[in-house]
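1. Structure for this input, please:
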Amino acid sequence: MGGAFGLSMAFVNHNHKKTQIREGRTVFDYADDFTLRVATSCGRSGSCHECVVEILDGMEALGPRTGAESFLKDPFRLACQATVEDTGQDVSFSPLRREPKILSSITPFKGDLDPFIRRSGDEVFCGDDRIDNYRGRMIGMAVDLGTTTVVADFLDLETGESITVSSFENPQRFGGSDVMFRISYDVGADEGELWKAIAGTLNAEIDAAAERGGFTPQDIYEIVVAGNATMRDLFFRLDVQPIGQKPYKSTIELAYLAGERKTTSLVTPASRLGIRINRNGRAVGLPIVASHVGGDTSADLIALDMLAKHDVAMLVDVGTNTEVVVKKGDRMVAASCPAGPAFEGGGITYGMPGYEGAIESLKIENGFYRCQTIGGLPPEGLCGSGLIDLLAELRRHGRMTPKGVFNDKQYELTIVEDAEITFSRLDASNLAQAKAANTCGEFIVMRHLDVRPDQVECLYLAGGFANYVDVTNAIEIGFLPPIPEDRIVKIGNASVVGARDALLSRERRAAAESLPATVEHLELETTPDFFDIFVEACQFKPMVFDW
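-> From the prediction side, this is the model:
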């Protein structure tokens, strides 16, 4: 755009808003222009490391990294430290605290209300220990600490009712998009940065929720956290390096197997984790089942009452790390599938998590792609449910082979011309490998128990992303086994429901404690024909059960 003297004008952009660049200002200054909330607790001095932003365009227009930013790699910077110096180039950025589309409506708690935190007269007790004088409210938090997203349900411990729910993107994304990257990141000089990121963000969410709900952070006495082994142990400030190497077990699980601990759950003062709640408040980590099958699976099984009402049932919790549990009679077998972040946008050219503007459903009609976006906004990319629809539609209309080869050997397809959103062979390959990880887990665990699709009485499909998946399309590309669709039940975010139940019921928390001893863990990679199954599963076609 030409100025009065022929000079080019450049802008800082965020979410369809823009403001003209003025040399020497920080990204945080521009966030202020957009009235955009960016986390900070250090007065923008660079010491808290909370204001991480992703630079979407124009990284080279920023000044050099400061010492406070040494823990970050491109495309991430600290908003308070990154100055815009080249005024001839546009810069686009996004904070790491975007709100994804997550099911916020949680079914009411059912059963006998019996939390560990209770009131007797004007005193508050944790179990048998007096911890405070009654302040007028007793609040607990149930947290689903996912690799990609975090959900926190704030509950009244005297009534069991939900007061408010928060959901946000996990701010640890600068350390990598999956658990193995984050394990590799959390070592040496950068150790502890991932913990600081989630603790700082959770404190900000606590403050915001307290304002919305009419309580104070000091009214919160207990936090129950459900997360996979890596996410949980990072939050609890434990060494996660053993989880990333054989035998892929948490330090807590190793101690449990050695007879040094009676449980794989965790209990610690919240103050030790930097979480600002009641001075005597505590944090509880739900037990790890085995290896990468973590507290999120424990929470799922609590929410589903351990699948007790079925003789043959199945749970698939879809995510960066997908968990599969199959029950047959008195046996339950679980496995973890390292699917990676492809279906949550990672490694896909125009992939993105389920934020506003993401294509969440897609059909091919009269030769054209018809898309529906979250929030009805102009399309910016494809989220997981949209990607599954796209793959199924390409196969259904003969535009792609089962091996992901496009017609006429094209390398790239244009999905939304105006927005220049494309889908490439490389994108299809990355999705094929992510799908194969899910497929392998489902197939191998079902085979291990000699369970065929028509025998499954109910397949519970868990996870916020899974709730928006078109089941027919997922079956057609082999993302799910061919179980009769009327037996597939979407249960939304069961992990936060299970954490809620463990917060409000001692009996349900005790049931979770029994899981490491009762659920069999299957290590997929030790299956003799694992590689053959994986290669076959990389094709976009229905699963075949032919053993």
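2. Just list the residues touching residue 133, thanks.
-> By C-beta atoms under 8 Å, 6 or more residues apart in numbering, the contact set of residue 133 is 122-124. For the C-beta atoms, the positions are set from N, CA and C on the backbone; glycine is no exception.
3. which stretches of the chain aren't confidently modelled?
-> Of all residues in the chain, those with pLDDT under 70 make up the ranges 1-8, 97-106.
4. what about the helices in it?
-> Read by DSSP state H, the chain holds these helices, from start to end of the chain: 27-33, 179-185, 193-213, 229-235, 251-257, 295-303, 384-396, 425-448, 471-476, 494-504, 506-513, 515-518, 530-537.
5. Could you report the neighbour count for residue 376?
-> The local packing count at residue 376 equals 8, with neighbours defined by other C-beta atoms under 10 Å.
6. same check, this time on residue 426
-> With other C-beta under 10 Å as criterion, residue 426 counts 14.
7. now do residue 126
-> Under the criterion other C-beta under 10 Å, the count of neighbours that residue 126 has is 17.
8. same check, this time on residue 189
-> A count of nearby residues for residue 189, using other C-beta under 10 Å, gives 8.
9. I'd say it and residue 70 touch.
-> Yes - using C-beta atoms under 8 Å, residue 189 is in contact with residue 70, at 7.4 Å.
10. Break this protein down into its domains, please.
-> 11-95, 117-297, 305-340+431-537, 345-427 (automatic domain parsing).
11. could you redo these as JSON lines and give each row distance to residue 544?
-> Converted to JSON lines, those look like this (distance: least, C-beta to C-beta, whole Å):
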{"stretch": "domain 11-95", "distance to residue 544": "41"}
{"stretch": "domain 117-297", "distance to residue 544": "26"}
{"stretch": "domain 305-340+431-537", "distance to residue 544": "8"}
{"stretch": "domain 345-427", "distance to residue 544": "12"}
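12. To residue 547, which of those domains lies closest?
-> Judged by C-beta to C-beta, the one of those that comes nearest to residue 547 is domain 305-340+431-537, at 5.5 Å.
13. From the chain's centroid, how far away is the closest one?
-> Put simply, domain 305-340+431-537 sits 16 Å off its chain's centre (C-alpha atoms, centre = their mean, to the nearest Å).
14. Can you get me the start-to-end distance on that domain?
-> The first residue of domain 305-340+431-537 is 31 Å away from its last residue (C-alpha to C-alpha, to the nearest Å).
15. Also stretch 251-266?
-> Start to finish, the residues bounding stretch 251-266 are 12 Å apart (C-alpha to C-alpha).
16. Residue 227 reaches residue 146, doesn't it?
-> Yes - using C-beta under 8 Å, residue 227 is in contact with residue 146, at 6.9 Å.
17. just to revisit the earlier point, got a quick ChimeraX command for the buried subset of the contacts of residue 133?
-> Only the buried members of the contacts of residue 133 enter the following ChimeraX selection, criterion being 16 or more other C-beta atoms under 10 Å:
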select :124
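18. quick one: residue 448 and residue 522 touch, right?
-> Yes - under the criterion of C-beta under 8 Å, residue 448 is in contact with residue 522, at a separation of 5.8 Å.
19. out of the two, which sits in the more crowded spot?
-> Neighbour totals were compared for residue 448 and residue 522, and residue 522 leads with 20 against 17 (other C-beta under 10 Å).
20. Excluding residues flanking it in the chain, which one is nearest that one?
-> Spatially, and ignoring its direct neighbours in sequence, residue 522 is nearest to residue 335 (4.5 Å; C-beta to C-beta, 6 or more residues apart in numbering).
21. and the gap between the residue lying closest to residue 343 once chain neighbours are set aside and residue 152?
-> Excluding its sequence neighbours, the residue lying closest to residue 343 (C-beta to C-beta, 6+ apart) is residue 384, at 4.0 Å. Here the criterion is C-beta to C-beta, to the nearest Å. By it, residue 384 lies 22 Å from residue 152.
22. quick one, which of those two is more surrounded?
-> Just comparing residue 384 and residue 152: by other C-beta under 10 Å the higher neighbour count belongs to residue 384, 30 against 22.
23. could the helices of the chain be laid out in TSV, adding distance to residue 43?
-> Compiled in TSV, those are given as follows (distance: least, C-beta to C-beta, whole Å):
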stretch	distance to residue 43
helix 27-33	11
helix 179-185	26
helix 193-213	14
helix 229-235	25
helix 251-257	36
helix 295-303	35
helix 384-396	38
helix 425-448	41
helix 471-476	48
helix 494-504	33
helix 506-513	40
helix 515-518	45
helix 530-537	51
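24. dump the residue contacts of the residue nearest to residue 300 when sequence neighbours are not counted.
-> Ranked by C-beta to C-beta, 6+ apart and with sequence neighbours excluded, the top spatial neighbour of residue 300 is residue 494, at 4.5 Å. The neighbours of residue 494, taking C-beta under 8 Å, 6+ apart as the test, are 299-300, 303-304, 317, 460, 462-463.
25. rerun at 10 Å
-> By C-beta atoms under 10 Å, 6 or more residues apart in numbering, the contact set of residue 494 is 106, 144, 226, 296-297, 299-304, 315, 317, 460-463, 466, 501.
26. gap between the two ends of stretch 325-343?
-> With C-alpha to C-alpha applied, stretch 325-343 spans 20 Å between its terminal residues.
27. And stretch 533-545, by the same measure?
-> Taking C-alpha to C-alpha, the first and last residues of stretch 533-545 lie 11 Å apart.
28. Then stretch 344-364?
-> For stretch 344-364, by C-alpha to C-alpha, the gap between its terminal residues amounts to 22 Å.
29. and it, which residues are buried?
-> Of the residues in stretch 344-364, those buried (16+ other C-beta under 10 Å) are 344-348, 350-364.
30. Run through the strands of the stretch 251-400 of the chain in chain order.
-> According to DSSP state E, counting those that start in this stretch, the stretch 251-400 of the chain carries its strands in the segments 266-269, 282-285, 312-317, 322-328, 331-337, 358-365, 368-373, 381-382.
31. Any chance of the ones you listed in TSV with distance to residue 157 as columns?
-> Written out in TSV, the entries for these read as follows (distance: least, C-beta to C-beta, whole Å):
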stretch	distance to residue 157
strand 266-269	17
strand 282-285	13
strand 312-317	27
strand 322-328	29
strand 331-337	30
strand 358-365	36
strand 368-373	39
strand 381-382	41
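32. what about those strands, which gets the closest to residue 29?
-> strand 381-382 (27.7 Å).
33. Give the full set of residues in contact with residue 429.
-> The contact partners of residue 429, by C-beta under 10 Å, 6+ apart, come to 342, 347, 403-404, 538.
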